[in-house]
Every structure is written in structure tokens, then in C-alpha cells.
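# structure for the following, please:
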Amino acid sequence: DQSNGGGHGHGHGHGHTHGGGGPKVAWLLYVPALTILFLAPPALGSYTASRDDAKTPRAPASATGESLFPALPDKGVVEMSLNDFSSRAVWDTDRTLKGHTVRLTGFVTPGRHGAWYVSRLVISCCAADAQVRKVRVHGPAGPPADTWVTVTGAWHPTGKLGTDDASPALDVSTVERVPEPKDPYHDVVVTPDGR
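Down below sits the predicted model:
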């Protein structure tokens, strides 16, 4: 009698086998993951940066007539984002960058006639709204495009400060290759006045 659980039959009487495997179509679940892995677009880089005009962040508004930018430390190398450096290099009429050595990190974007830039892409929402921050490098020859570097140097005033004529530039003394950061995009820092 097979119904009493005596173990006499191997069919168990419920119409399927307990062999290895599983559904034969389970491998189809891997197709979307593999598609994303192999067909995902590359990170935005120097190609995007070289085709897009750099956007300089607007200066923070000051209703009190005080300096728009806080003073920088008196000693040592100042680590700055490209966003902060670019804003100061263009809009800081109090020249708080003067006399300071700064360090910037970004990827190499080639320019015309041997010029090159340290660049970052700023994303506030998604890749479609990416804006370029570029700082022109004066000094050593540039590494290959898309190489991540940390550059150290002094502000190179270019154009009339406080106007769209000015542009961010750096007299670079050292260039060090660095690994690409885990998050290669800077987040936009929204100032109190919303710009």
C-alpha cells in the first residue's frame, strides 16, 4: 500500500519528478542584467566636455556688501572643487584666490593647439542636465584625454573679474595621475538664493 507512507514506490503519485534543474527558462532572467552590463553607455567624459561650453557657476548674492566668498586658509594647499574654484576665479572681485596654492581633481579634456583642461561634469538631476566645469591648465603638457588627475598650482587671472569675460585657469606646478573617483560627478551646491 503506497498511501500509508511505507516508502514502497518512488513516483509519489503527484505527477512530477524531483530531479535536478528547475524551470528551463530561468536563464532568461539574466538577459536584462547582461544587456545593461554590456550595452550601458560609458560615463560622460572628455568627449562631452570638449563639445560643451563650460558653464561657470554664478556668484552667490550678497545684500550686505561683504565679500561674496569666505576667506581661504592662510597656510597650506587648499583642496577645492572645480565648482568652487571656477566660481571664485570668475566672480570673486575681492581676489580671495590670490597668493594661495590650490589642488583640483578632474579628468583631462584636450583643447586646441595643445591646451588642456581639468574638467568635471556637474549633475543636479540626471545625465541629461550635465554641465561642464573646466579649468584651463597653464604649465606641463597634458596627459591623455579622460585621464584623472590632481593638479596643484596658483590661480591664473584671465579676463575682467566679475564679468563673463573672466575664465577659470591655473598655473600648474604638479600633475599627479589618480584613479577615477567612485562618483565622478560633482553635485551642484545650491546657494541660499537658489542659484
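# give me the phi and psi for the closest residue to residue 114 other than its chain neighbours.
Taking CB to CB, 6 or more residues apart in numbering, and ignoring the residues beside it in sequence, residue 114 has residue 141 as its nearest neighbour in space, at 7.2 Å. The C-beta positions use only the backbone N, C-alpha and C, and glycine is treated the same way. Main-chain dihedrals, residue 141, degrees, to the nearest 10: phi -60, psi 150.
# one more: residue 112?
Note on residue 112: backbone dihedrals following degrees, to the nearest 10 are phi -80, psi 150.
# follow-up on the earlier one: count the neighbours of the residue nearest to residue 114 for me.
Burial measure for residue 141: 8 neighbouring residues, criterion other CB atoms under 10 Å.
# and if you look at residue 87?
23.
# can you verify it is assigned to a helix?
Yes. Membership of residue 87 in a helix is supported by DSSP: H, G, I helix; E, B strand; the rest coil.
# quick one: it from residue 166, how far?
11 Å (CB to CB, to the nearest Å).
# cool, and residue 82?
Residue 82 is 15 Å from residue 166, where distance means CB to CB.
# next one: residue 130
As judged by CB to CB, residue 130 and residue 166 stand 23 Å apart.
# over to residue 132?
Distance from residue 132 to residue 166, by CB to CB: 17 Å.
# higher neighbour count, the two?
residue 132 (23 against 19).
# am I right that that one sits in a helix?
No. Assignment of residue 132 by three-state DSSP gives strand, placing it outside any helix.
# what residues are bridge-paired with it?
residue 121 (DSSP bridges).
# isn't it up against residue 118?
No. Here residue 132 lies out of contact with residue 118, judged by CB atoms under 8 Å, at a distance of 11.4 Å.
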